[in-house]
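**Student:** below are the sequence and a predicted model for it; my questions follow.
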Amino acid sequence: MKIGFIGTGVMGTGIIKNLLGAGHQVTVYNRTKTHAKAVLTAGAQWVDSPQLAATGADVTITMVGYPQDVRDVYLREDGIFAGAQAGSIVVDMTTSTPALAAELAEKAHAHQLQALDAPVPGGDIGAQQATLTVMVGGDQEAYDRLTPLFQQLGQRVNYFGPAGNGQHTKMANQIMIAGTMTGLTEMLVYAKAADLDLPQVLATLSSGGADNWSMDTYVPRILKDDYTPGFFAKHFLKDLRIALQEADRMHLDLPATRQAKQLYETMVDDRGLGNDGTQGLIKIY
(Lines give C-alpha, C1' and ligand atoms only; values in the text may rest on other atoms or scores of the structure.)
Protein backbone atom coordinates (compact mmCIF):
# COMPACT_ATOMS: atom_id res chain seq x y z
CA MET A 1 0.00 0.00 0.00
CA LYS A 2 0.96 3.66 -0.32
CA ILE A 3 1.09 4.99 3.24
CA GLY A 4 1.53 8.52 4.51
CA PHE A 5 2.87 8.60 8.05
CA ILE A 6 3.08 11.65 10.31
CA GLY A 7 5.23 11.32 13.44
CA THR A 8 8.65 9.67 13.63
CA GLY A 9 9.12 9.51 17.40
CA VAL A 10 9.98 6.47 19.49
CA MET A 11 6.81 4.59 18.54
CA GLY A 12 6.41 5.90 15.02
CA THR A 13 9.93 4.91 14.03
CA GLY A 14 9.42 1.27 14.96
CA ILE A 15 6.04 1.12 13.23
CA ILE A 16 7.35 2.74 10.04
CA LYS A 17 10.27 0.31 9.85
CA ASN A 18 7.86 -2.61 10.12
CA LEU A 19 5.64 -1.14 7.40
CA LEU A 20 8.68 -0.78 5.15
CA GLY A 21 9.75 -4.32 5.99
CA ALA A 22 6.32 -5.59 4.95
CA GLY A 23 6.79 -4.01 1.53
CA HIS A 24 4.68 -0.88 1.83
CA GLN A 25 5.69 2.44 0.29
CA VAL A 26 5.88 4.95 3.15
CA THR A 27 6.07 8.73 2.88
CA VAL A 28 6.77 10.55 6.15
CA TYR A 29 6.46 13.98 7.70
CA ASN A 30 7.71 15.10 11.10
CA ARG A 31 8.08 18.54 12.66
CA THR A 32 11.85 17.98 12.79
CA LYS A 33 13.40 16.25 9.80
CA THR A 34 16.50 15.20 11.74
CA HIS A 35 14.26 13.02 13.94
CA ALA A 36 13.18 11.14 10.80
CA LYS A 37 16.73 10.11 9.87
CA ALA A 38 16.33 6.49 11.00
CA VAL A 39 13.25 5.84 8.85
CA LEU A 40 14.63 7.77 5.86
CA THR A 41 17.73 5.58 6.04
CA ALA A 42 15.43 2.55 6.14
CA GLY A 43 13.73 3.59 2.90
CA ALA A 44 10.92 6.00 3.73
CA GLN A 45 10.47 9.12 1.59
CA TRP A 46 10.34 12.63 3.10
CA VAL A 47 7.78 15.35 2.36
CA ASP A 48 7.42 18.83 3.84
CA SER A 49 3.83 18.76 5.14
CA PRO A 50 1.05 16.47 6.36
CA GLN A 51 -0.88 17.42 3.21
CA LEU A 52 1.85 16.04 0.98
CA ALA A 53 2.15 12.89 3.10
CA ALA A 54 -1.57 12.25 2.56
CA THR A 55 -1.57 13.10 -1.14
CA GLY A 56 -1.91 9.90 -3.16
CA ALA A 57 -1.85 7.67 -0.06
CA ASP A 58 -4.19 4.72 0.40
CA VAL A 59 -3.83 5.20 4.16
CA THR A 60 -2.58 8.14 6.20
CA ILE A 61 -1.43 7.30 9.74
CA THR A 62 -0.67 9.73 12.55
CA MET A 63 1.40 8.98 15.65
CA VAL A 64 2.13 12.28 17.37
CA GLY A 65 2.37 13.52 20.96
CA TYR A 66 -0.76 15.27 22.20
CA PRO A 67 -4.38 15.80 21.14
CA GLN A 68 -3.54 19.36 20.04
CA ASP A 69 -0.86 17.90 17.76
CA VAL A 70 -3.41 15.52 16.27
CA ARG A 71 -5.84 18.37 15.63
CA ASP A 72 -3.08 20.43 14.03
CA VAL A 73 -1.84 17.84 11.54
CA TYR A 74 -5.37 17.05 10.38
CA LEU A 75 -6.95 20.49 10.27
CA ARG A 76 -4.25 23.04 9.46
CA GLU A 77 -4.11 24.63 6.03
CA ASP A 78 -1.53 22.14 4.77
CA GLY A 79 -2.92 19.30 6.86
CA ILE A 80 -4.09 15.79 6.12
CA PHE A 81 -7.62 16.72 5.13
CA ALA A 82 -6.19 19.08 2.51
CA GLY A 83 -4.35 16.22 0.82
CA ALA A 84 -6.16 12.92 1.44
CA GLN A 85 -8.00 11.57 -1.60
CA ALA A 86 -11.65 10.52 -1.45
CA GLY A 87 -12.00 6.83 -0.58
CA SER A 88 -8.76 6.64 1.38
CA ILE A 89 -8.47 5.94 5.10
CA VAL A 90 -7.07 8.09 7.90
CA VAL A 91 -5.86 6.36 11.06
CA ASP A 92 -4.84 8.12 14.26
CA MET A 93 -2.62 5.86 16.37
CA THR A 94 -1.85 8.61 18.90
CA THR A 95 -3.33 8.14 22.35
CA SER A 96 -5.80 11.00 22.26
CA THR A 97 -9.29 11.88 23.46
CA PRO A 98 -12.39 9.93 22.44
CA ALA A 99 -14.16 13.21 21.65
CA LEU A 100 -11.45 14.29 19.21
CA ALA A 101 -11.52 10.88 17.52
CA ALA A 102 -15.27 11.25 16.98
CA GLU A 103 -14.85 14.81 15.69
CA LEU A 104 -12.14 13.81 13.21
CA ALA A 105 -14.23 10.88 12.00
CA GLU A 106 -17.13 13.23 11.28
CA LYS A 107 -14.84 15.61 9.38
CA ALA A 108 -13.29 12.69 7.51
CA HIS A 109 -16.72 11.57 6.34
CA ALA A 110 -17.37 15.11 5.07
CA HIS A 111 -14.22 14.71 2.95
CA GLN A 112 -15.43 11.27 1.72
CA LEU A 113 -12.79 9.51 3.79
CA GLN A 114 -13.01 6.68 6.29
CA ALA A 115 -11.49 7.11 9.73
CA LEU A 116 -10.15 4.92 12.52
CA ASP A 117 -8.74 5.65 15.96
CA ALA A 118 -6.21 2.91 16.67
CA PRO A 119 -3.99 3.58 19.70
CA VAL A 120 -1.40 0.95 20.56
CA PRO A 121 0.08 -0.08 23.91
CA GLY A 122 3.35 -1.96 23.86
CA GLY A 123 6.03 0.73 24.06
CA ASP A 124 9.21 0.98 22.05
CA ILE A 125 9.88 -2.77 22.20
CA GLY A 126 6.39 -3.58 20.94
CA ALA A 127 6.78 -1.12 18.08
CA GLN A 128 10.19 -2.51 17.13
CA GLN A 129 9.19 -6.17 17.37
CA ALA A 130 5.69 -5.78 15.86
CA THR A 131 4.08 -7.09 19.06
CA LEU A 132 1.79 -4.11 19.70
CA THR A 133 -1.85 -4.47 20.66
CA VAL A 134 -4.04 -2.48 18.26
CA MET A 135 -7.29 -1.11 19.73
CA VAL A 136 -9.57 0.16 17.01
CA GLY A 137 -12.68 2.32 16.80
CA GLY A 138 -14.32 3.88 13.76
CA ASP A 139 -15.57 2.68 10.39
CA GLN A 140 -15.98 -1.10 10.36
CA GLU A 141 -15.35 -1.34 6.62
CA ALA A 142 -12.05 0.50 7.04
CA TYR A 143 -11.12 -1.80 9.91
CA ASP A 144 -11.82 -4.86 7.76
CA ARG A 145 -9.65 -3.43 4.97
CA LEU A 146 -6.74 -2.61 7.27
CA THR A 147 -6.75 -5.64 9.55
CA PRO A 148 -3.97 -7.33 7.52
CA LEU A 149 -1.87 -4.16 7.85
CA PHE A 150 -2.49 -3.92 11.60
CA GLN A 151 -1.46 -7.56 11.92
CA GLN A 152 1.92 -6.61 10.47
CA LEU A 153 2.38 -4.24 13.42
CA GLY A 154 0.93 -6.15 16.34
CA GLN A 155 0.11 -9.53 17.78
CA ARG A 156 -3.48 -8.67 18.74
CA VAL A 157 -5.94 -6.52 16.81
CA ASN A 158 -9.44 -5.83 18.12
CA TYR A 159 -12.34 -3.68 16.93
CA PHE A 160 -14.44 -1.95 19.59
CA GLY A 161 -17.11 -0.13 17.61
CA PRO A 162 -17.72 3.54 16.75
CA ALA A 163 -15.17 6.32 16.55
CA GLY A 164 -13.62 7.04 19.93
CA ASN A 165 -13.96 3.52 21.28
CA GLY A 166 -10.35 2.66 20.41
CA GLN A 167 -9.32 5.58 22.58
CA HIS A 168 -11.63 4.49 25.40
CA THR A 169 -10.00 1.06 25.31
CA LYS A 170 -6.54 2.64 25.49
CA MET A 171 -7.68 4.63 28.54
CA ALA A 172 -8.68 1.35 30.20
CA ASN A 173 -5.20 0.06 29.37
CA GLN A 174 -3.48 3.12 30.83
CA ILE A 175 -5.51 2.87 34.04
CA MET A 176 -4.20 -0.68 34.42
CA ILE A 177 -0.62 0.34 33.57
CA ALA A 178 -0.77 3.12 36.18
CA GLY A 179 -1.19 0.47 38.87
CA THR A 180 1.64 -1.71 37.60
CA MET A 181 4.03 1.25 37.33
CA THR A 182 3.42 2.44 40.88
CA GLY A 183 3.53 -1.17 42.07
CA LEU A 184 6.89 -1.99 40.52
CA THR A 185 8.35 1.29 41.78
CA GLU A 186 7.30 0.79 45.39
CA MET A 187 8.25 -2.89 45.23
CA LEU A 188 11.82 -1.88 44.33
CA VAL A 189 11.97 0.82 47.00
CA TYR A 190 10.79 -1.70 49.61
CA ALA A 191 13.10 -4.50 48.44
CA LYS A 192 16.11 -2.17 48.44
CA ALA A 193 15.33 -0.90 51.95
CA ALA A 194 15.10 -4.53 53.12
CA ASP A 195 18.57 -5.11 51.60
CA LEU A 196 17.35 -7.81 49.22
CA ASP A 197 19.14 -8.86 46.05
CA LEU A 198 17.11 -6.90 43.49
CA PRO A 199 17.78 -9.04 40.37
CA GLN A 200 16.85 -12.12 42.43
CA VAL A 201 13.66 -10.40 43.61
CA LEU A 202 12.75 -9.63 39.99
CA ALA A 203 13.41 -13.21 38.89
CA THR A 204 11.30 -14.56 41.74
CA LEU A 205 8.36 -12.20 41.29
CA SER A 206 8.37 -12.76 37.54
CA SER A 207 7.69 -16.44 38.11
CA GLY A 208 4.63 -15.92 40.29
CA GLY A 209 1.37 -14.06 40.66
CA ALA A 210 3.08 -10.66 40.79
CA ASP A 211 4.35 -11.00 37.23
CA ASN A 212 3.33 -8.22 34.83
CA TRP A 213 4.55 -6.62 31.61
CA SER A 214 5.63 -3.34 33.22
CA MET A 215 7.79 -5.06 35.80
CA ASP A 216 9.40 -7.40 33.27
CA THR A 217 10.10 -4.51 30.85
CA TYR A 218 11.14 -1.66 33.14
CA VAL A 219 12.74 -3.12 36.27
CA PRO A 220 15.76 -4.42 34.28
CA ARG A 221 16.18 -0.89 32.88
CA ILE A 222 16.01 0.66 36.35
CA LEU A 223 18.60 -1.79 37.65
CA LYS A 224 20.91 -0.61 34.85
CA ASP A 225 20.16 3.06 35.61
CA ASP A 226 18.55 3.30 32.15
CA TYR A 227 15.81 5.91 32.02
CA THR A 228 15.67 6.34 28.25
CA PRO A 229 12.05 6.47 27.13
CA GLY A 230 10.31 3.41 25.84
CA PHE A 231 7.35 5.67 26.54
CA PHE A 232 7.79 9.27 27.67
CA ALA A 233 6.62 10.06 31.18
CA LYS A 234 5.14 13.33 29.90
CA HIS A 235 2.97 11.39 27.46
CA PHE A 236 1.87 8.93 30.14
CA LEU A 237 0.82 11.84 32.34
CA LYS A 238 -1.17 13.19 29.39
CA ASP A 239 -2.90 9.80 29.11
CA LEU A 240 -3.75 9.67 32.82
CA ARG A 241 -5.25 13.14 32.63
CA ILE A 242 -7.41 12.10 29.69
CA ALA A 243 -8.50 8.93 31.52
CA LEU A 244 -9.55 10.89 34.58
CA GLN A 245 -11.36 13.50 32.48
CA GLU A 246 -13.33 10.70 30.84
CA ALA A 247 -13.98 9.10 34.23
CA ASP A 248 -15.34 12.41 35.54
CA ARG A 249 -17.60 12.67 32.50
CA MET A 250 -18.97 9.20 33.31
CA HIS A 251 -19.33 10.11 37.02
CA LEU A 252 -16.65 7.64 38.12
CA ASP A 253 -14.20 8.04 40.98
CA LEU A 254 -10.84 6.34 40.35
CA PRO A 255 -8.73 7.14 43.43
CA ALA A 256 -5.78 4.89 42.57
CA THR A 257 -5.49 6.38 39.08
CA ARG A 258 -5.79 9.86 40.55
CA GLN A 259 -2.90 9.08 42.92
CA ALA A 260 -0.80 7.77 40.04
CA LYS A 261 -1.48 11.00 38.14
CA GLN A 262 -0.32 13.04 41.13
CA LEU A 263 2.90 11.01 41.37
CA TYR A 264 3.62 11.53 37.67
CA GLU A 265 2.83 15.24 38.07
CA THR A 266 5.54 15.35 40.72
CA MET A 267 7.93 13.64 38.35
CA VAL A 268 7.06 15.60 35.20
CA ASP A 269 5.85 19.01 36.36
CA ASP A 270 7.76 19.48 39.62
CA ARG A 271 11.01 17.62 38.89
CA GLY A 272 11.21 18.30 35.14
CA LEU A 273 11.68 14.63 34.24
CA GLY A 274 9.05 14.39 31.52
CA ASN A 275 11.53 13.26 28.87
CA ASP A 276 12.54 10.23 30.95
CA GLY A 277 10.77 6.97 30.40
CA THR A 278 7.87 6.08 32.68
CA GLN A 279 10.32 4.02 34.79
CA GLY A 280 11.84 7.32 35.92
CA LEU A 281 9.03 7.53 38.49
CA ILE A 282 11.42 5.86 40.94
CA LYS A 283 13.55 9.03 40.97
CA ILE A 284 10.95 10.87 43.08
CA TYR A 285 11.12 8.31 45.92
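**Tutor:** On my side now, so go ahead.
**Student:** packing partners for the helix or strand where L52 lies?
**Tutor:** Element membership for L52 (DSSP states H and E) is helix 50-54. If contacts are counted by 3 or more C-beta pairs under 8 Å, 6 or more residues apart in numbering; DSSP states H and E, helix 50-54 sits against strand 2-6, strand 25-29, strand 59-62, helix 80-83. Using the backbone N, CA and C atoms, a C-beta is placed for each residue, glycine as well.
**Student:** pick the most buried one from those.
**Tutor:** Among those, strand 59-62 has the highest mean neighbour count (mean count of other C-beta atoms under 10 Å), at a mean of 28.
**Student:** immediately after that one, which helix or strand?
**Tutor:** Next element after strand 59-62 (DSSP H and E): helix 67-75.
**Student:** what is the orientation angle of that next one with strand 25-29?
**Tutor:** Counting by axes from the mean of the first three to the mean of the last three C-alpha atoms, to 10 degrees, helix 67-75 lies at 120 degrees to strand 25-29.
**Student:** list the contacts of T95.
**Tutor:** Going by C-beta atoms under 8 Å, 6 or more residues apart in numbering, T95 touches P119, Q167, K170, Q174, H235, K238, D239, I242.
**Student:** name the nearest residue to it, sequence neighbours excluded.
**Tutor:** P119 (4.6 Å; C-beta to C-beta, 6 or more residues apart in numbering).
**Student:** check G79 too.
**Tutor:** Nearest non-adjacent residue to G79 (C-beta to C-beta, 6+ apart): P50, at 4.9 Å.
**Student:** ok, so what distance separates the one you found from V136?
**Tutor:** 21 Å (C-beta to C-beta, to the nearest Å).
**Student:** could you do T60 as well?
**Tutor:** As judged by C-beta to C-beta, T60 and V136 stand 16 Å apart.
**Student:** just L20 next, same as before
**Tutor:** Counting by C-beta to C-beta, the gap from L20 to V136 is 22 Å.
**Student:** quick one: which of those two has more around it?
**Tutor:** Using other C-beta atoms under 10 Å as the criterion, L20 and V136 rank with V136 on top: 26 against 17.
**Student:** mind telling me what element the more buried one is part of?
**Tutor:** For V136, the host element (DSSP H and E) is strand 132-138.
**Student:** helices along the stretch 51-200 of the chain, start to end?
**Tutor:** Assigned by DSSP state H, counting those that start in this stretch, the stretch 51-200 of the chain shows helices spanning 67-75, 80-83, 98-110, 123-129, 140-151, 165-193, 198-205.
**Student:** neighbours around the residue nearest to Y264 when sequence neighbours are not counted, how many?
**Tutor:** Distance criterion C-beta to C-beta, 6+ apart; nearest residue to Y264, sequence neighbours excluded, is L237 at 4.4 Å. Residues lying near L237 (other C-beta under 10 Å) number 20.
**Student:** now tell me which helix or strand of this protein has the poorest mean pLDDT.
**Tutor:** Within the chain, confidence by mean pLDDT, DSSP states H and E is lowest for helix 123-129 among all helices and strands, at a mean of 92.
**Student:** G137 contacts L116, correct?
**Tutor:** Yes. Between G137 and L116 there is a contact under C-beta atoms under 8 Å: 6.9 Å.
**Student:** hey, what's in contact with both of those two?
**Tutor:** A163, G166.
**Student:** is it correct that S88 is in contact with A115?
**Tutor:** No. Applying C-beta under 8 Å as the test, S88 and A115 come out as separate, 10.2 Å apart.
**Student:** low-confidence regions, the stretch 1-150 of the chain specifically.
**Tutor:** Applying pLDDT under 70 to the stretch 1-150 of the chain picks out no residues at all.
**Student:** so which other helices or strands are in contact with the strand holding V136?
**Tutor:** helix 98-110, strand 114-117, helix 140-151, strand 154-159, helix 165-193.
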